[in-house]
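[1] sequence-free structure coming up:
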Ligand SMILES: Nc1nc2[nH]c(S[C@@H](C(=O)O)c3ccccc3)nc2c(=O)[nH]1
């Protein structure tokens with residue numbers, strides 16, 4: 001099993017593979033699994049270094065999915081992708097037993113929007129000798145988080161929360177090299193909170209863990225650009241460049257090919273080398 005410690009070089013691009021009924025509704029032409037594998041192949045061809053596979057939408061007001069249903073959605077795809085492609089796989093879940101099954105199948109990364117606060121999830125990751133975990137900040141749940149998000153100082157509070165969650169992992173025997181942090185753009189934040197989090201991202205990268213950011217096509221861009229989800233690529237890339245310039249190391253995105261190019265370009269400038 002490969003240890004997913006970050007190379008001391010270029011940031012990574014994490015392609016999003018949502019395996020939810022509404023994400024592959026092509027009128028039933030192909031099965032969800034066929035469509036998901038076709039999408040996985042496309043994201044890999046575009047240059048993704050990680051595929052983030054999720055079976056439950058965590059958008060605001062998304063409905064929770066039962067554990068067995070989530071397993072039925074994600075496990076066949078996780079197993080097929082790991083068997084077929086030489087790529088790192090993360091599972092986007094907050095459920096301990098989904099984590100255990102995914103780790104058993106060979107995923108290298110757990111992407112947990114709940115930062116291992118749900119029942120038994122910290123133990124599920126601590127049981128593994130080398131799986132990496134991304135700890136994300138959210139305020140409330142997808143059903144409640146956008147009702148009235150409130151902070152004294154959102155950047156300080158997000159950093160303090162993530163530092164405490166990282167410490168809980170260290171105390172459970174999870175090595176520092178296995179821990180990534182993520183401010184959770186759009187998870188219980190107003191547009192202004194998101195802008196402040198981005199503008200002060202150095203506060204989070206200063207904690208000296210790899211920082212993952214997920215801003216792709218999010219409502220922050222809707223608030224700034226007044227454009228629909230399908231027209232937020234340029235805004236998503238602008239935020240990714242900003243995050244990279246502030247030290248972010250993993251970019252979670254729907255638009256892999258474009259993001260690969262801005263990662264390469266931004267990194268070349270930061271390193272003052274073309275990268276050849
Ligand atoms: N680590 C990590 N995992 C994630 N999963 C998602 S779901 C996302 C969507 O793309 O639907 C979404 C869109 C809009 C609001 C909430 C969630 N966002 C992240 C993130 O920002 N960080």
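    In hand now; what should we look at? Owing to the predicted nature of the structure, the values given are computational and were not obtained by experimental measurement.
[2] let me see the ranges of the strands in the chain.
    With DSSP state E applied, the chain shows strands at 12-18, 50-54, 88-92, 109-112, 132-136, 179-182, 212-214, 250-253, listed in chain order.
[3] the second one near the ligand anywhere?
    No. Judged by C-beta under 6 Å from any ligand atom, strand 50-54 and the ligand are separated, with a smallest distance of 6.6 Å. C-beta coordinates here come from the backbone N, C-alpha and C atoms, glycine included.
[4] burial measure for residue 41, as a count.
    13 (other C-beta atoms under 10 Å).
[5] do you know the pLDDT at it?
    According to the prediction, residue 41 has pLDDT 97.
[6] is it in contact with residue 85, as I believe?
    Yes. Counting by C-beta atoms under 8 Å, a contact exists between residue 41 and residue 85, whose distance comes to 7.4 Å.
[7] what residues does this protein have near the ligand?
    Residues of the chain found near the ligand, taking C-beta under 6 Å from any ligand atom as the criterion, are 16, 58-60, 92, 111, 113, 134, 136, 182, 184-187, 212, 214, 218, 252.
[8] how many neighbours does the nearest residue to residue 242 once chain neighbours are set aside have?
    Here the nearest residue to residue 242 in space, its sequence neighbours aside, is residue 198; by C-beta to C-beta, 6 or more residues apart in numbering that works out to 6.0 Å. With neighbours defined by other C-beta under 10 Å, the count for residue 198 comes to 19.
[9] and if you look at residue 106?
    One way to gauge burial is a neighbour count; for residue 106, by other C-beta under 10 Å, it gives 15.
[10] now residue 35
    Close neighbours of residue 35, defined as other C-beta under 10 Å, add up to 17.
[11] one more: residue 272?
    When counting by other C-beta under 10 Å, one arrives at 6 neighbours for residue 272.
[12] surely residue 253 is in contact with residue 11?
    No. Contact status for residue 253 versus residue 11: not in contact, 11.4 Å apart, counting by C-beta under 8 Å.
[13] check contacts around the residue in the stretch 51-200 of the chain that the ligand sits nearest to.
    With distances taken as C-beta to the nearest ligand atom, the stretch 51-200 of the chain approaches the ligand most closely at residue 186, which sits 3.6 Å away. The contact partners of residue 186, by C-beta atoms under 8 Å, 6 or more residues apart in numbering, come to 60, 194, 214-215, 218-220.
[14] flag the least confident of the residues you listed.
    In terms of pLDDT, the least confident member of those is residue 60, at 86.
[15] which ones are touching that residue?
    Residue 60 sits in contact with 142, 145-146, 186, 219, where contact means C-beta under 8 Å, 6+ apart.
[16] which non-adjacent residue is nearest the residue in the stretch 151-276 of the chain positioned nearest to the ligand?
    Of all residues in the stretch 151-276 of the chain, the one sitting closest to the ligand is residue 214 (2.4 Å; C-beta to the nearest ligand atom). With sequence-adjacent residues excluded and distances taken as C-beta to C-beta, 6+ apart, residue 214 is closest to residue 252, at 3.8 Å.
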